[in-house]
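Visitor: Need a 3D model of the following:
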Amino acid sequence: MKALQGVEGRTEWLDITSPSCDVGEIRIKVAAAGLNRADLLQRAGLYPPPPGASAALGLECSGVITEVGAGSDWQVGDRVCALLAGGGMAEEVVVDARHALPVPEGVSLHEAAAIPEVYATAWLNLFQLAGLKPGERVLLHAGASGVGSAAIQLCKAFGSPCWVSVGSADQLAYCEGLGAQGGVLRGEEGPQALRDFAPFDVILDPVGGKYAALNLQLLGLDGRWVNIGLMGGRKAELDMALLLSKRVQFIGSTLRSRDDQFKADLMSDLGQQVWPLFSEGRLSPQLLKALPIKDAEAAFAELATNQVNGKLVLVIDPELS
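Guide: Numbering: from 1, shown residues only. Here you go, the predicted model:
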């Protein structure tokens, strides 16, 4: 089979060995795969897959089941989307059956490829780790991103007002259209204007070092600060007295390297708590553009601009939609 791999800072559609489908696993004929910042990092050689994971790019995909290993209740022909540690940008993928969920009613396979990674990330960090409760105030940095767009919708659905920091007026309007209360534009002074909306109970931050001191100032008493990325650097100087006096919880979080049982429990929770909201129309995949796999380099370049509202996906099999 063919799969997309990162080779010396570029992508190549290469032949690789098709994996076997063992007990508790399913084989998916891939329709489309979502593109995430982790893929940019892996292509650049900065984020290798966890031990045992496919070296191919892609942390989420959608498609049709073609083989079912013993011990699974899935059926051949089921339409699914799946959370992966790697390998989604390929003609087929074998995954732990517990890491897949049915494509929500009314959602296309292309749209479904934009769901698993970002909704799992937003749900894990806001609701499971930060313990977000209805009425609590949330700040989402990079609010127009895939994770940000999922997080805005989840905050709205579960009754927590949220604000965002974004890169342009267009992105701010996009976030407000999804349900954000407001926000600010990035820039030398822009993030400081977030003080007008503070204090926040929870901050979800993929930026890291650049915003660290500001996050601490913006949080209220017993605030929770969840860091999920380092787009703004890995080091920062913090006023630890402020951390103590506010009783702030600082939570570092990654999803890709979590073990199979953790991901199975997370996907089960998503299936029960979040998936019904797609069918009800309260959540929607934020698919900006579906590009053919031959245009992978263009898709990666577009994501790298940080001007993407929502998600980009790569179409692997155009006959599946």
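Visitor: only C-alpha atoms for contact and neighbour calcs from this point on.
Guide: Fine.
Visitor: Which other helices and strands does the helix or strand containing Leu154 contact?
Guide: In this assignment (DSSP states H and E), Leu154 forms part of helix 146-157. For helix 146-157, the contact count by 3 or more CA pairs under 8 Å, 6 or more residues apart in numbering; DSSP states H and E identifies helix 116-122, strand 138-141, strand 162-166, helix 169-178 as packing neighbours.
Visitor: wait, which of the ones you listed is closest to Tyr47?
Guide: Checking the helices and strands packed on helix 146-157 against Tyr47 by CA to CA gives helix 116-122 as the closest, at 16.1 Å.
Visitor: Which residues does that closest one contact?
Guide: 59-61, 81-83, 146-148, 150-151, 154, 255, 266-267, 270 (CA atoms under 8 Å, 6 or more residues apart in numbering).
Visitor: ok, now stretch 287-304?
Guide: 10-11, 35-37, 40, 110-111, 114, 308-316, 318.
Visitor: sorry, back to before: and the helices and strands packed on helix 146-157 as CSV, adding mean pLDDT, mean neighbour count and distance to Leu216?
Guide: Putting those into CSV (pLDDT from 0 to 100; neighbours: other CA atoms under 10 Å; distance: least, CA to CA, whole Å) gives the following:
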stretch, mean pLDDT, mean neighbour count, distance to Leu216
helix 116-122, 98, 24, 21
strand 138-141, 98, 28, 12
strand 162-166, 97, 27, 15
helix 169-178, 97, 19, 23
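Visitor: Next one: the residue lying closest to Lys246 once chain neighbours are set aside, what pLDDT does it get?
Guide: For Lys246, ignoring the flanking residues on the chain, the nearest one in space by CA to CA, 6 or more residues apart in numbering is Leu221 at 4.5 Å. If you check Leu221, the pLDDT there is 98.
Visitor: and if you look at Gly187?
Guide: pLDDT for Gly187: 79.
Visitor: what's the closest residue to it other than its chain neighbours in contact with, if anything?
Guide: Spatial nearest neighbour of Gly187, chain neighbours left out: Gly167 (7.9 Å); criterion: CA to CA, 6+ apart. Each residue near Gly167 by CA under 8 Å, 6+ apart is listed here: Ala142, Leu185, Arg186, Gly187, Asn306, Gln307.
Visitor: Under a three-state scheme, what state does the residue lying closest to Ala130 once chain neighbours are set aside occupy?
Guide: In space, and not counting its chain neighbours, Ala130 is closest to Arg224: 5.9 Å by CA to CA, 6+ apart. The three-state label given to Arg224 by DSSP: H, G, I helix; E, B strand; the rest coil is strand.
Visitor: same check, this time on the one 5 residues further on
Guide: Under three-state DSSP, Gly229 falls in the coil class.
Visitor: need the longest helix for this structure.
Guide: If each helix of the chain is counted by residues according to DSSP state H, the longest one is helix 260-273.
Visitor: how far is that helix from where the chain is centred?
Guide: 15 Å (CA atoms, centre = their mean, to the nearest Å).
Visitor: Report all helices and strands that that helix contacts.
Guide: With contacts defined as 3+ CA pairs under 8 Å, 6+ apart, helix 260-273 has these neighbours: strand 100-102, helix 116-122.
Visitor: Please dump the ones you listed into a markdown table; it should also carry distance to Pro199 for every row.
Guide: Below are the helices and strands packed on helix 260-273 laid out as a markdown table (distance: least, CA to CA, whole Å):
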| stretch | distance to Pro199 |
| --- | --- |
| strand 100-102 | 37 |
| helix 116-122 | 21 |
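Visitor: Go through these and name the closest to Ala241.
Guide: Nearest of those (CA to CA): helix 116-122, 29.1 Å.
Visitor: My read is that Arg79 contacts Cys61, right?
Guide: No: applying CA atoms under 8 Å as the test, Arg79 and Cys61 come out as separate, 11.1 Å apart.
Visitor: Who has more neighbours out of those two?
Guide: Taking neighbours as other CA atoms under 10 Å, Arg79 and Cys61 compare with Cys61 leading, 39 against 24.
Visitor: My guess is the more buried one contacts Cys81. True?
Guide: Yes: in terms of CA under 8 Å, Cys61 counts as a neighbour of Cys81; the distance is 5.6 Å.
Visitor: Find the residues that touch each one of the two.
Guide: Jointly contacting Cys61 and Cys81 under the rule CA under 8 Å, 6+ apart are Ala112, Ala113, Pro116.
Visitor: distance of the first one from Ser54?
Guide: Same thing as Ala112. Going from Ala112 to Ser54 by CA to CA, to the nearest Å gives 21 Å.
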